[in-house]
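# Quick one: sequence and predicted model below, then my questions.
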Amino acid sequence: IEFVRLFADAGVPPGVLNLVIGSGSEAGDALVTDPRIDAISFTGSTKVGKTINRKAAENLTRTQLELGGKNAVVVLEDADMEQAAEDTVAAAFGTAGQKCTATSRAIVPHDIADDFVDLLVQKASELNVGDGFEEDTDMGPVTGSRQMDKILGYIEEGTEEGAELVLGGQKLTGEAYDDGCFIAPTIFDHVKPDMTIAQEEIFGPVLAVIKASDFEHALELANDVEYGLSASIVTQDLS
């Protein structure tokens, strides 16, 4: 009701906005396949986006799709390491990794990688995980038990494939966590580019650190995924 009222206050005429409640597979499918729909805007997984695009094409319905990502931050040798680590931790864990543009890969030259990982672990360890309604909370829960199990499955797979778990990796328990789906901020070091946690969107608080030999190699690694959404680079050299 508040959502509809907000649009009314903004001058949107009655009948222009309709709020439909229901599961994506049912209500969403009905909207996508209805010839009366002129355009569709969707934010979500690549798999679902492809399905929407195929079905919408039957009616030549226009689509705007903002899909998954495996977003990388490239940190170069001339960067302010403290600031780079702080920004990377905020980008990876600020929303528990639950946004399409969350950073999930840190690509760092060999020469500075160990020191950078130490800074990441230090700053991520200081995050306060808890109730998102509390002002002092830095990171809240993930969206539900199904998503939590999926994230924990990726963490287990990362360990099995040989990545080094340097922080987190577990469901948080205790009085403050037992009624929610809380996962500790998780960092993997010594991640190989072809590992599952380096290639697939986890959509959770998991950061993979990948070492590069130089700038050109870092760019190759950043582009070596099927996704294309967002990326960042930390350097003091604008050229």
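Sure thing, it's come through.

# What segments of the protein are helices?
2-9, 29-33, 46-57, 81-93, 110-125, 145-160, 196-199, 215-223 (DSSP state H).

# In JSON lines: the ones you listed, plus mean neighbour count.
The C-beta positions use only the backbone N, C-alpha and C, and glycine is treated the same way. Shown next, in JSON lines, are the helices of the chain (neighbours: other CB atoms under 10 Å):
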{"stretch": "helix 2-9", "mean neighbour count": "10"}
{"stretch": "helix 29-33", "mean neighbour count": "16"}
{"stretch": "helix 46-57", "mean neighbour count": "15"}
{"stretch": "helix 81-93", "mean neighbour count": "20"}
{"stretch": "helix 110-125", "mean neighbour count": "17"}
{"stretch": "helix 145-160", "mean neighbour count": "16"}
{"stretch": "helix 196-199", "mean neighbour count": "20"}
{"stretch": "helix 215-223", "mean neighbour count": "16"}
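
# okay if I get these as a markdown table plus distance to I187?
Listed next are those as a markdown table, based on distance: least, CB to CB, whole Å:
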| stretch | distance to I187 |
| --- | --- |
| helix 2-9 | 37 |
| helix 29-33 | 38 |
| helix 46-57 | 25 |
| helix 81-93 | 8 |
| helix 110-125 | 6 |
| helix 145-160 | 10 |
| helix 196-199 | 11 |
| helix 215-223 | 17 |
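
# okay, these in TSV with distance to V166 and mean pLDDT next?
Output for those, formatted as TSV (distance: least, CB to CB, whole Å; pLDDT from 0 to 100):
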stretch	distance to V166	mean pLDDT
helix 2-9	42	60
helix 29-33	43	91
helix 46-57	29	93
helix 81-93	13	98
helix 110-125	6	98
helix 145-160	11	97
helix 196-199	13	98
helix 215-223	19	97
